Structures are given as C-alpha cells and as structure tokens.
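Engineer: coordinates only, sequence not included:
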C-alpha cells in the first residue's frame with residue numbers, strides 16, 4: 001500500500017509537469033508575440049512586459065512564489081505541496097520554450113493561434129486540475145478570499161481574469177482583444193471536457209414486472225451492483241420496484257439487449273453520469 005501510494009504520487013507529479021509544459025508551450029507558441037490577450041498570471045506577465053523589458057517567465061515566477069508564500073499561511077502545507085511543482089515548473093517551461101523559436105513560432109495566423117492556444121492551455125490546466133492540484137499564481141487569491149468570505153470560487157476567478165483582460169486591452173488591437181476573449185472561452189470549455197474525460201458512464205432506471213429476473217441478470221452476467229427503488233406507477237397505481245444501475249458505455253449495449261430479451265415491454269430511462277465513485281468503478285481490487 002505504501003509503495004502504491006508513493007508510486008501514484010510520483011505519477012501525479014509527472015503528469016503535473018506534463019500539464020505545465022503543455023500550458024507553457026501554448027503561451028509561448030501562440031500568445032506571446034501575437035498580441036492576443038489572456039487571463040491568469042500569464043496575462044499579468046504580458047501587462048508588465050508593456051512597461052518594462054521583463055520576460056513573462058520572470059513575472060510568472062515572482063507572482064507564483066509570492067502567492068505560494070501567502071497560501072502557506074492561509075491554506076496550509078497540504079495544499080501548498082500540491083501546488084509547489086506548478087509554481088516553479090510553469091515559469092521554467094515558459095523560459096525554455098522562449099529559447100526555442102523553431103518550436104514556438106509555428107504560424108502567424110491569429111485565428112489558428114487563438115484556437116491552438118485555447119486548446120493547449122485548456123489541456124494543460126485540465127490535467128493539473130483533474131489531479132486535484134492548483135497551478136499556483138492567481139489561483140491562490142480566489143481560494144483564500146473564498147475561504148474567508150464564502151463568495152463563490154468561480155465568481156472570484158472570473159473577476160480576476162476579467163480584470164487581467166481589461167488591463168491588457170490598452171496595449172492590444174481590437175482584433176487581439178476579440179481573439180483573446182475567444183481564447184479564454186475556449187480554454188474554459190477544454191478544461192471542463194478534460195475534467196470529465198474518461199469518467200462518463202451510463203445510468204439506467206428500469207421499470208418492469210420482471211424486475212427480479214433483470215436484477216439477477218445484472219448481478220450474474222454483468223457483475224454489477226444495483227439498487228431497488230420503491231415506486232408507484234402512474235396509471236394503475238401499482239406499488240412495485242424499479243432497478244437503478246450504473247454501467248460503462250461499453251456494457252450498456254449488452255445490458256439493453258438482455259433486458260429486452262427478459263421483458264420486451266420494460267420501460268428504461270437512460271442518462272449520462274460522471275464521476276461515479278465506489279465499488280466497481282474507483283475502489284481497488286482489494287476492496288471488492
């Protein structure tokens with residue numbers, strides 16, 4: 001168990017590095033030098049660059065370290081440990097890619113830059129957030145304010161991002177501003193998709209007079225757990241039971257066919273569900 005714990009933690013840290021590398025590449029390849037505005041600590045770095053010849057990577061590092069120190073006092077060591085890698089990895093990768101123009105200056109098309117910046121930043125952030133860690137920097141102040149005031153975290157993050165975007169507008173063209181807004185929206189959408197990637201399953205509620213046979217089939221054929229729901233039918237007012245079961249999308253076809261064979265008149269409600277936890281989905285084998 002201890003080896004498994006440390007092994008999983010090592011994998012997490014490697015994935016955090018990958019996420020930060022992808023995010024940094026998106027900034028260097030498609031944002032910096034193309035006059036497209038962006039949110040977060042990278043956006044602040046772009047603002048500073050308009051006043052002083054300071055590389056974005058340096059500004060990001062300074063803000064990340066300052067936020068890390070503040071977070072240590074308000075959020076505790078456990079949160080900071082998960083953020084520590086991103087605090088230094090992100091500005092490091094920005095500095096590295098900035099020295100490799102052959103890998104960053106891939107296109108001068110502003111729309112392509114906007115799309116690929118949004119996709120790469122969304123994927124990078126999504127990997128880090130999916131693991132339950134923070135990228136540091138401007139993620140930390142909203143978390144502290146949320147803890148002290150109770151204001152919704154999403155609202156605070158949006159306020160800071162909007163303020164950062166507004167701060168870049170005087171130094172950007174109207175088209176750069178519009179492309180930047182598209183980039184921020186696309187990044188948010190990609191993060192949402194990354195958070196749910198691979199976690200989608202199917203929930204079925206099956207109403208049938210042959211619920212005992214169907215339940216036996218689910219247990220024996222699919223090796224899935226299920227729950228009986230006490231229901232009252234609307235037309236006949238019969239008190240009976242429905243079956244609620246969650247299966248993978250791959251198992252859905254065989255389950256649907258098996259239910260139809262047992263009761264062709266079964267009434268089945270199917271819906272997508274996400275982040276299913278527990279036996280058969282997230283618990284390791286020793287808990288089964």
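Structural biologist: In hand now; what should we look at? Bear in mind that the values here come from a model prediction, so they are computed numbers and not experimental data.
Engineer: how about low-confidence regions in the stretch 1-150 of the chain?
Structural biologist: Within the stretch 1-150 of the chain, the segments meeting pLDDT under 70 span 1-6, 76-82, 104.
Engineer: cool, the stretch 151-288 of the chain as well?
Structural biologist: 152-154, 196, 198-200, 275-288.
Engineer: Repeat the analysis, applying 90 as the threshold.
Structural biologist: 151-203, 219-225, 233-238, 247-257, 271-288 (pLDDT under 90).
Engineer: mind listing the strands for it?
Structural biologist: 201-207, 227-232, 239-247, 267-273 (DSSP state E, counting those that start in this stretch).
Engineer: closest to residue 108 out of those?
Structural biologist: Residue 108 sits nearest to strand 267-273 of all these, at 40.4 Å, using CB to CB. Every residue, glycine included, has its C-beta placed from N, CA and C.
Engineer: Now do that closest one: which elements does it pack against?
Structural biologist: The contact analysis (3 or more CB pairs under 8 Å, 6 or more residues apart in numbering; DSSP states H and E) places strand 267-273 against strand 201-207, helix 249-262.
Engineer: Could you verify my assumption that residue 90 touches residue 133?
Structural biologist: No - using CB atoms under 8 Å, residue 90 makes no contact with residue 133, being 11.8 Å away.
Engineer: Quick check: residue 29 is in a strand.
Structural biologist: No - secondary structure of residue 29 (DSSP: H, G, I helix; E, B strand; the rest coil): helix, not part of a strand.
Engineer: Relative to residue 23, how far out is the closest residue in space to residue 184 that isn't next to it in sequence?
Structural biologist: What sits nearest to residue 184 in space, not counting adjacent residues and going by CB to CB, 6 or more residues apart in numbering, is residue 39, at 5.4 Å. For residue 39, the distance to residue 23 equals 12 Å [CB to CB, to the nearest Å].
Engineer: So those two - more neighbours on which side?
Structural biologist: residue 23 (29 against 24; other CB atoms under 10 Å).
Engineer: Check for me that the more buried one belongs to a helix.
Structural biologist: Yes - under three-state DSSP, residue 23 sits within a helix.
Engineer: one step back: please convert the helices and strands packed on strand 267-273 to JSON lines, extending it with distance to residue 241.
Structural biologist: Shown next, in JSON lines, are those (distance: least, CB to CB, whole Å):
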{"stretch": "strand 201-207", "distance to residue 241": "9"}
{"stretch": "helix 249-262", "distance to residue 241": "15"}
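Engineer: Cool, thanks, talk later.
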